[in-house]
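Visitor: give the three-dimensional model of this entry:
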Amino acid sequence: MDDTILIYRATYGTPDQVAQLYAAFAKAQGAFEPIAKNREVEIPIKDKATGAQRGSYKFRYADLEEVNSKTRKALSQNGLGTMQSIGRSTTTTGTSIYTRLTHAGGACIEDEIPLPAQEKRDIKDYGAIVSYLRRYAKTALLDIAADDDLDANGDRDDDTQPGAQAEQQQPEGNGKPPYSDEKLEKMLPQWRNLITSGKKTADQVIATVSSGNTLSPQQVEKIRGLATEGATA
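Guide: From the prediction side, this is the model:
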């Protein structure tokens, strides 16, 4: 499954109807209950070149029922509802998941996410992808943060979606995947700006990255060196 998820959005209704929907959603959103990340899976990290597992990390998320139960009442009280269905795609030759936010006044916001081709894919695996994309689509439409921030763990080397994975065996050591040198080099300019501007210290950057990954001594030295670069610039 490709990591890239495309969402196509359309809005239906007259300007007045759409304005009513936006106003109702603003009220509903303020009344959403806190959403608990009530599920946890361990995601394997695979080497793109060899396909071998080289670690894993834990990923927490709120399942679809948790999202629904904490938002449905506030939406309903403001004349809003959500619907999801699978139908023929308007953007590809396959099918798409359609997620709609509707209002009693007649307006509707619709998000479409094309589904990957099933082709020889195990139906249970395909069902997991559908479930993941339904949750992804609804939380995106309602502007809800229901997953752990993947940036804290760095980029994955495989092409799997966290919410569609089963639990895997925990790796040896501290259970944290190594932080890739490629990712480090990409992030160094951003960290340099944070450190030289005084927004973060090198130790804070190291602590943040180390919460989800293992840094090598050489990588730690590079990050600490950013403070020295700022002092001599």
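Visitor: which non-adjacent residue is nearest the most centrally placed residue in the chain?
Guide: For the chain, D147 is the residue whose C-alpha lies nearest the centre (Cα atoms, centre = their mean; 6.0 Å). Closest residue to D147 apart from its sequence neighbours, by Cβ to Cβ, 6 or more residues apart in numbering: Y61 at 4.5 Å. For every residue, glycine as well, the C-beta is placed using N, CA and C.
Visitor: repeat that for G87.
Guide: The shortest distance from G87 to any non-neighbouring residue, by Cβ to Cβ, 6+ apart, is to Y98 (6.0 Å).
Visitor: with Q53 instead?
Guide: Closest to Q53 by Cβ to Cβ, 6+ apart is P44, at 4.8 Å.
Visitor: repeat that for L64.
Guide: R135 (4.7 Å).
Visitor: ok so the one you found is a helix residue?
Guide: Yes: under DSSP: H, G, I helix; E, B strand; the rest coil, R135 sits within a helix.
Visitor: contacting residues for it?
Guide: Y61, A62, D63, L64, V67, A146, G163 (Cβ atoms under 8 Å, 6 or more residues apart in numbering).
Visitor: hang on, the second one packs against E40?
Guide: No: the pair A62 / E40 is not scored as a contact, 10.8 Å apart, by Cβ atoms under 8 Å.
Visitor: when those two are compared, which one has more neighbours?
Guide: A62 (21 against 11; other Cβ atoms under 10 Å).
Visitor: so Y61 sits against K37, correct?
Guide: Yes: taking Cβ under 8 Å as the definition, Y61 is a contact partner of K37 at 5.7 Å.
Visitor: look at these two and report which has more neighbours.
Guide: Between Y61 and K37, counted using other Cβ under 10 Å, the more crowded position is Y61 (22 against 15).
Visitor: pop the domain breakdown of the chain in here.
Guide: The chain resolves into domains spanning 8-164, 181-232 when parsed by automatic domain parsing.
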